[in-house]
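Q: next input, structure requested:
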Amino acid sequence: MSVRRRAAALALTAVLCGAAAPVAAAAPSPSPSTPDLPAGLYGSKDPTYDGVWRQSLAFLAQKIELVTPATQSVDWLVGQQCDSGAFASYRDASEPCGAKTVADTNATAAAVQAMVELAVHREVVDSGVAWLKSVQNEDGGWGYNPGSPSDANSTGVVTGALARAGVPLAEVTTADGKTPYTALQTFALPCGGEDGGAFAYQPDKDGGLAANADATAAAVIGAMGKGLAAGNYNAAKAPACHQGDDLTPEQTAQNGAHYLARTLAGSGHLDLPPMPGAEDSAPQPDFGNTADAVVALAASGHKDKAAGAVAYLEKHAQGWAKEGGPAATAQLVLAAHATGTDARDFGGVDLVRQLNATGPAPAATAVPSPTATAPEKPADTSSDDEGLGLWWIIGIGLALGAGIGFLLSGRRKNQQL
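A: Below is the predicted model of the structure:
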């Protein structure tokens with residue numbers, strides 16, 4: 001069964017999402033016992049399955065709030081990279097990567113995005129990009145581990161990483177000309193019916209596609225050529241489902257946004273699938289994937305359609321985020337940023353302070369605190385190489401000149417266990 005790694009690693013959003021699809025069986029490198037966590041790592045729980053992921057999300061969320069993480073924390077993430085350019089989910093960096101080190105496309109993509117947004121260690125970005133391109137599948141996509149079948153989640157997060165690193169996605173091709181967009185579109189359900197416009201995690205054994213909201217959020221962001229820390233721009237009209245056999249990547253993304261907007265319109269949140277044997281129990285809210293859906297809607301130009309979900313998260317998700325640790329808190333910060341919501345007063349909770357407390361004290365924090373998000377222009381789906389540098393300079397200049405910090409453009413994706 002498909003599971004976004006960040007949700008699975010939190011053990012709170014728990015477990016099963018969408019259509020049956022086997023996950024990678026290989027185990028990551030051994031981790032230390034929880035009391036012996038390495039210095040610089042965010043969070044206090046076992047990092048075996050999400051150490052690099054949660055560190056990267058924490059950095060992305062801090063960056064959009066104008067928080068500079070401690071050098072010690074950045075060095076820890078850099079030290080997780082193998083000579084090949086790949087990252088494992090987590091490894092003992094005192095030993096070199098070897099045959100038993102299980103490379104992780106999702107962790108690598110998240111780390112690449114974090115380094116891009118922090119604007120440090122470009123060598124980490126370049127070697128990570130080179131490795132990701134080297135393990136592209138023949139269908140144009142990526143699986144969780146190199147060689148595993150492509151899935152919408154992994155393909156979405158890798159696509160976003162390449163775009164944020166300035167790689168023209170239309171040029172990331174296989175021998176027969178397939179691109180990441182080619183792969184993403186193979187997971188898309190056609191318009192019509194209850195699940196029209198959604199994305200599947202993977203085809204089932206008969207080639208059928210089952211709608212998966214988590215996969216849809218990841219695929220929308222990837223198909224828009226955006227990353228995990230997505231900003232927003234104003235759409236000219238409500239999301240619509242486009243029909244046809246020759247859709248552009250953005251039209252396919254808009255179809256996914258149409259599905260997400262419709263799914264969130266009722267309760268304002270997504271639900272966890274029922275646990276085996278508990279099919280008759282009341283549905284439980286899936287806070288992590290709801291936050292991802294919020295970012296996907298904002299990234300595709302429809303933050304107005306995410307307003308109800310943001311309000312729901314503000315009211316109900318604080319306990320989940322605090323217990324979940326840095327990745328969960330970061331997801332809420334990313335959702336707040338994408339919709340222009342104040343992450344420092346999110347339902348009465350200062351998410352930035354909460355996130356900072358999960359790791360070493362930041363090297364610097366913007367004062368006064370940043371506020372709302374400026375709209376982000378639509379991405380060119382062949383390349384999203386519009387960096388943050390200029391916007392950060394403008395934001396900091398406004399903060400100094402007017403006494404107000406502005407949180408400007410930023411970009412946001414996810415993983416799987």
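
Q: could you use CA atoms for every contact and neighbour count after this?
A: Noted.

Q: would you say Pro285 is within a strand?
A: Yes - when classified by DSSP: H, G, I helix; E, B strand; the rest coil, Pro285 is found to be part of a strand.

Q: next up, phi/psi of the closest residue to it other than its chain neighbours, please.
A: For Pro285, ignoring the flanking residues on the chain, the nearest one in space by CA to CA, 6 or more residues apart in numbering is Asp271 at 4.4 Å. Backbone torsions of Asp271, given as degrees, to the nearest 10, read phi -110, psi 150.

Q: doesn't Ala282 make contact with Asp271?
A: No - under the criterion of CA atoms under 8 Å, Asp271 makes no contact with Ala282, lying 9.8 Å away.

Q: which one's more surrounded, the two?
A: More neighbours sit around Asp271 than around the other of Asp271 and Ala282, counting by other CA atoms under 10 Å; the figures are 19 against 9.

Q: ends of stretch 174-181, what's the gap?
A: Counting by CA to CA, to the nearest Å, you get 12 Å between the two ends of stretch 174-181.

Q: what residues does it touch?
A: 136-141, 155, 159, 169-173, 223, 249 (CA atoms under 8 Å, 6 or more residues apart in numbering).

Q: are any of those buried, and which?
A: The neighbour count (16 or more other CA atoms under 10 Å) marks 136-141, 155, 159, 169, 172-173, 223, 249 as buried among the contacts of stretch 174-181.

Q: pLDDT for those - can I get that in a markdown table?
A: Supplementary listing: the buried ones among the contacts of stretch 174-181 in a markdown table, determined by pLDDT from 0 to 100:
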| residue | pLDDT |
| --- | --- |
| Gln136 | 98 |
| Asn137 | 98 |
| Glu138 | 97 |
| Asp139 | 97 |
| Gly140 | 97 |
| Gly141 | 98 |
| Thr155 | 98 |
| Thr159 | 97 |
| Leu169 | 90 |
| Val172 | 94 |
| Thr173 | 94 |
| Ala223 | 95 |
| Pro249 | 95 |
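
Q: what about Ser44, neighbour count?
A: Ser44: 14 neighbours (other CA under 10 Å).

Q: so it makes contact with Leu37?
A: Yes - between Ser44 and Leu37 there is a contact under CA under 8 Å: 7.4 Å.

Q: and the helices in the stretch 101-250 of the chain?
A: Chain-ordered helices for the stretch 101-250 of the chain, with DSSP state H, counting those that start in this stretch as the definition, fall at 105-118, 122-134, 152-164, 180-186, 213-223, 249-264.

Q: what angle do the last one and helix 213-223 make?
A: If you take axes from the mean of the first three to the mean of the last three CA atoms, to 10 degrees, helix 249-264 sits at 150 degrees to helix 213-223.

Q: now do the third one
A: Using the same axes, to 10 degrees, the direction of helix 152-164 lies 20 degrees away from that of helix 213-223.

Q: isn't Ala261 up against Ala298?
A: No - using CA under 8 Å, Ala261 and Ala298 do not qualify as a contacting pair, with a distance of 10.6 Å.

Q: helix or strand with the lowest mean pLDDT in the protein?
A: Between all helices and strands in the chain, the lowest mean by mean pLDDT, DSSP states H and E belongs to strand 405-407, at a mean of 32.

Q: if we can go back for a sec, now, which of the contacts of stretch 174-181 sits nearest Ala93?
A: Gln136 (25.7 Å; CA to CA).

Q: can you give me the strands in the stretch 1-150 of the chain?
A: Taking DSSP state E, counting those that start in this stretch, the strands of the stretch 1-150 of the chain run over residues 67-68.

Q: shaky segments in it?
A: Segments of the stretch 1-150 of the chain classed as low confidence (criterion: pLDDT under 70) are 1-35.

Q: how close does the residue nearest to Pro285 sit to Glu314?
A: Asp271 sits 17 Å away from Glu314, going by CA to CA.

Q: same check on Ala170?
A: The spacing between Ala170 and Glu314, counted by CA to CA, is 38 Å.

Q: tell me where the stretch 301-417 of the chain has helices.
A: Listed in chain order (using DSSP H, counting those that start in this stretch), the helices of the stretch 301-417 of the chain are 307-316, 318-324, 326-338, 351-356, 389-402.

Q: tell me the most buried of these?
A: Using mean count of other CA atoms under 10 Å, the stretch among those with the largest mean neighbour count is helix 326-338, at a mean of 30.

Q: what's that helix packed up against?
A: In this structure, helix 326-338 makes packing contacts with helix 5-10, helix 51-64, helix 287-299, helix 307-316, helix 318-324, helix 351-356, strand 370-373, judged by 3 or more CA pairs under 8 Å, 6 or more residues apart in numbering; DSSP states H and E.
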